[in-house]
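Undergrad: my questions are about this predicted structure, shown below with the sequence.
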Amino acid sequence: MKALLIDFGSTYTKVTLVNLDPPALVGTSRAPTTIETGLLDGLNKALEAFSPEQLDGITVKKACSSAAGGLKIVAIGLVPELTVKAAREAALGAGARVMATYAYTLSDEELDEIKELDPDLLLLSGGTDGGDRKNILENAARIAESGLSVPVVVAGNKSAASDVKKILEKRIPHVVVTRNVMPEINVLQVEPARRAIRELYLQEITKAKGLDVIQQEVGLAMPTPLAVMKAGELFNKISGKEVVIVDVGGATTDVHSFCDGRPRKSGIVLKGLPEPFAKRTVEGDLGMRVSLQTLLEVIEENDDLHALREYVDRIKRERSLIAANEREKYFDRIFATACIREALLRHSGQLKELFTPEGRLWIQQGKDLTEIDILIGTGGALVFADDAGSLLRAGLRLENPLQLTPRQPQLMLDHKYVLYAIGLLAEDYPETAEVLLQETLKSLGRI
Amino acid sequence: MPGNNRIVLGVIGSDVHAVGNKILEMAFEEAGFHVINLGVMVSQEEFINAAIESDAAAILVSSLYGHGEMDCRGLREKCQEAGIGDILLYVGGNLVVGKRTFDEVEELFKKMGFDRVYPPGVLPEVAIKDLKKDLGL
Ligand code: B12
């Protein structure tokens, strides 16, 4: 019995072949993704790396995808720090790309903007349970009248939910009501919305994106980021360790953390909406090849800034450019370090110092990651680097004690590039997934 | 209790006096209110955001440590900006340091836009009665 796990990525289609009994990795391969000629072409190409004997006995096929732009969501709520933030967390945790978020009553301009963004799904929240009804009803009416015809997941004030559904259903083909992302002030409840998003993705959105073929052929299970997240969740569950994953890609850098992130010292007050235990952030402006302009802005000091700029300009003309010499490899290392550092900074929380009559106090916002046990690196920029360990170490070097980034985690590398496959197996074949975690995560030592 | 019985409660500024806040929460819950308690060290923005999402009828602000005047200034104006200008604002605790009479303190806070101002050590029952009256509950 074997399992074939596939990731239809935006540039590469990756496959992982796994023995289920006894659990073991058979091998991995990849080939360029073929959107134009149909995704199965790229898959078949990738499978050519295996012998017929190796491909014999496949009983399980599962795929994840970030092709065709991934799962694009627009999140809408009432107050930016409350339901908008909660809706955003829910969407990110479902493996989505959050194209934009909106607060208060949607304006005509914002509705036009949403049409322009062409999302796959709207996540509509607003109001605590029993709290504000007006906002979500108004926004539902505005969405219904706008001519938008994307599926909507409603996850707001439960006392308004059925009215919201009635308003939307007149115009919107698929409306799913689920539990409120923020049922009470400062209470986060993202799981029901995450599940509803995933179901809608499988039932409707894959069809709309032309992914239904692969769904029938190989069992499309989830967006790729969700698969990576599931691998992290499993690792956290079986090891009991607090884990962070940094995924450095060509266009984005994702960070996932699996820990409660609460204050580690007394005298620190936690403020704001609680953070989800499994938290994901996506930095759309931090990537190795697509978003270099913004990346340049966060690279503070470099002796060779001029040459670096030239290299960036060349990459802009030719996205698939591969570093040709030592100097360009060195520049790539600078990019990767900047992506890691900046993405970790944005993912983790901060302390704010307050001077009160009887001394100093601290307010914590976001997650404290200072004492997490393990940091896993993945994504092409790390997996294929000669020195992933030193890239991670450089990215972690931060002096600011008020920034709650990981301090001394054990470093690991997804060196076979199979975290997605582990995530795809996690639900139905947890033992196999566990063996793969042990087999494929390479320790890079401590920082 | 029919009608809007939702109230937002909290201790404003960098004030950490937590005991009175808990007592107020219990007393108002007991009296049939839905209390959204933000606890201690609550900023003006947090009071307002919570009141908007929960469509609250009133905000009850405590200040115990003597900086009440500074911490509370501008709250009414911010409520107006945020579209909840008509919300009831109550304040209580040890509002100011120094030797001002309570009448002076009350006038000061009413000018700042608070609907009711309470002296130190007031019993929750007094404010509960006032609030029921003000909300017609
Ligand atoms: C315990 C205490 C502390 C503890 C608090 C522990 C904690 N986490 O709760 C600690 C040691 C941390 C502390 C620190 C300070 N404290 Co202190 N503290 C007290 C003390 C002794 C008791 C407070 C208490 O719990 N009372 C019991 C509760 C039930 O009563 P309450 O808080 O007054 O609340 C009731 C009423 O006021 C009313 N109420 C309150 N708010 C509102 C709002 C509305 C709308 C309504 C209707 C009613 C209402 O209802 C509540 C319930 O019945 C008081 C003195 C006292 N006896 O009151 C000083 C006191 C409040 N502290 C004081 C001071 C100055 C400080 C400090 C600035 C400095 C210091 N050296 O102590 C720091 C400030 C820290 C900070 N950033 O907030 C002064 C305040 C002076 C002023 N405002 O004029 C007091 C009055 C002592 C004094 N006489 O000097 N304190």
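TA: Nice, I can see it.
Undergrad: CA atoms of stretch A:78-97 as CSV?
TA: Presented in CSV, the C-alpha positions along stretch A:78-97 are these (Å, rounded to 0.1, in the frame of the first residue of the first chain):
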residue,chain,number,x,y,z
LEU,A,78,-16.9,45.8,11.9
VAL,A,79,-14.0,47.2,14.0
PRO,A,80,-10.5,46.7,12.7
GLU,A,81,-9.0,45.5,15.9
LEU,A,82,-11.9,43.1,16.7
THR,A,83,-14.1,41.3,14.1
VAL,A,84,-12.0,42.3,11.1
LYS,A,85,-8.9,40.9,12.8
ALA,A,86,-10.8,37.8,13.8
ALA,A,87,-12.0,37.2,10.3
ARG,A,88,-8.5,37.7,8.9
GLU,A,89,-7.1,35.1,11.3
ALA,A,90,-9.9,32.7,10.3
ALA,A,91,-9.1,33.1,6.6
LEU,A,92,-5.3,32.8,7.0
GLY,A,93,-5.8,29.7,9.1
ALA,A,94,-7.8,28.2,6.3
GLY,A,95,-4.8,28.5,4.1
ALA,A,96,-6.1,31.5,2.2
ARG,A,97,-4.4,34.5,0.7
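Undergrad: is it positioned near chain B?
TA: Yes: against chain B, stretch A:78-97 shows contacts by CB under 8 Å from any CB of the partner chain at A:78, A:79, A:81, A:82, A:83. Just so you know, the C-beta spots here come from the backbone N, C-alpha and C atoms, and that holds for glycine as well.
Undergrad: so residue A:263 sits right up against residue A:365, yeah?
TA: No: at 10.8 Å, residue A:263 does not count as touching residue A:365 under the criterion of CB atoms under 8 Å.
Undergrad: farthest-separated two in the residues of stretch A:78-97 next to chain B?
TA: Taking CB to CB as the measure, the residues of stretch A:78-97 next to chain B span a maximum distance of 10.2 Å, between A:78 and A:81.
Undergrad: make CSV out of the residues of stretch A:78-97 next to chain B and add neighbour count.
TA: Shown next, in CSV, are the residues of stretch A:78-97 next to chain B (neighbours: other CB atoms under 10 Å in any protein chain shown):
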residue, neighbour count
A:78, 29
A:79, 25
A:81, 19
A:82, 28
A:83, 34
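Undergrad: which one of those is nearest residue A:289?
TA: Closest to residue A:289, out of all of the residues of stretch A:78-97 next to chain B and judged by CB to CB, is residue A:81, at 33.8 Å.
Undergrad: and residue A:40, how many residues sit next to it?
TA: 15 (other CB atoms under 10 Å in any protein chain shown).
Undergrad: no wait, residue B:23
TA: Residue B:23 - counted by other CB under 10 Å - has 12 other residues nearby.
Undergrad: residue A:401 now?
TA: Residue A:401: 9 neighbours (other CB under 10 Å).
Undergrad: on that earlier part again, next, format the residues of stretch A:78-97 next to chain B as CSV and append secondary structure and distance to residue A:409.
TA: What follows is the residues of stretch A:78-97 next to chain B, written out as CSV (DSSP: H, G, I helix; E, B strand; the rest coil; distance: CB to CB, whole Å):
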residue, secondary structure, distance to residue A:409
A:78, coil, 37
A:79, coil, 34
A:81, helix, 29
A:82, helix, 31
A:83, helix, 33
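Undergrad: got the contact list for residue A:37?
TA: By CB atoms under 8 Å, 6 or more residues apart in numbering or on different chains, no residues touch residue A:37.
Undergrad: now it: how far from residue A:45?
TA: Distance of residue A:37 to residue A:45, computed by CB to CB, to the nearest Å: 10 Å.
Undergrad: and what of residue A:379?
TA: From residue A:379 to residue A:45 the distance is 22 Å (CB to CB).
Undergrad: of these two, who's got more company?
TA: When neighbours are counted by other CB under 10 Å, residue A:379 and residue A:45 differ, and residue A:379 comes out ahead with 26 against 17.
Undergrad: who are the contact partners of that one?
TA: A:246, A:247, A:248, A:249, A:253, A:254 are the contacts of residue A:379 under CB under 8 Å, 6+ apart.
Undergrad: so which of those residues comes closest to residue A:91?
TA: The closest of the contacts of residue A:379, once distances to residue A:91 are taken by CB to CB, is residue A:254, at 13.6 Å.
Undergrad: partners of the helix or strand that contains that closest one, with directions?
TA: Assigned by DSSP states H and E, residue A:254 belongs to strand A:253-258. Strand A:253-258 has the following sheet partners, assigned by DSSP bridges: strand A:243-248 (antiparallel), strand A:278-283 (antiparallel).
Undergrad: tell me which residues of the last one come out buried.
TA: What that stands for is strand A:278-283. By neighbour count on 16 or more other CB atoms under 10 Å in any protein chain shown, the buried set for strand A:278-283 is A:278, A:279, A:280, A:281, A:282, A:283.
Undergrad: cool, and stretch A:425-444?
TA: A:425, A:426, A:429, A:432, A:433, A:434, A:435, A:436, A:437, A:440, A:441, A:444.
Undergrad: repeat for stretch A:337-357
TA: Buried residues in stretch A:337-357 (16+ other CB under 10 Å): A:337-351.
Undergrad: same deal with stretch A:104-122?
TA: Applying 16+ other CB under 10 Å to stretch A:104-122 flags A:104, A:106, A:110, A:111, A:114, A:119, A:120, A:121, A:122 as buried.
Undergrad: next: stretch B:88-105.
TA: Buried, per 16+ other CB under 10 Å, within stretch B:88-105: B:88, B:89, B:90, B:91, B:92, B:93, B:94, B:95, B:96, B:105.
Undergrad: let's have the residues you listed in JSON lines, adding pLDDT and secondary structure.
TA: Below are the buried residues of stretch B:88-105 laid out as JSON lines (pLDDT from 0 to 100; DSSP: H, G, I helix; E, B strand; the rest coil):
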{"residue": "B:88", "pLDDT": "98", "secondary structure": "strand"}
{"residue": "B:89", "pLDDT": "98", "secondary structure": "strand"}
{"residue": "B:90", "pLDDT": "98", "secondary structure": "strand"}
{"residue": "B:91", "pLDDT": "98", "secondary structure": "strand"}
{"residue": "B:92", "pLDDT": "97", "secondary structure": "strand"}
{"residue": "B:93", "pLDDT": "96", "secondary structure": "strand"}
{"residue": "B:94", "pLDDT": "95", "secondary structure": "coil"}
{"residue": "B:95", "pLDDT": "93", "secondary structure": "coil"}
{"residue": "B:96", "pLDDT": "81", "secondary structure": "strand"}
{"residue": "B:105", "pLDDT": "95", "secondary structure": "helix"}
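Undergrad: just name the closest of the residues you listed to residue A:176, please.
TA: residue B:88 (37.4 Å).
Undergrad: with adjacent residues omitted, what lies nearest to residue A:63?
TA: residue A:6 (4.0 Å; CB to CB, 6 or more residues apart in numbering or on different chains).
Undergrad: right, I'll call it a day here.
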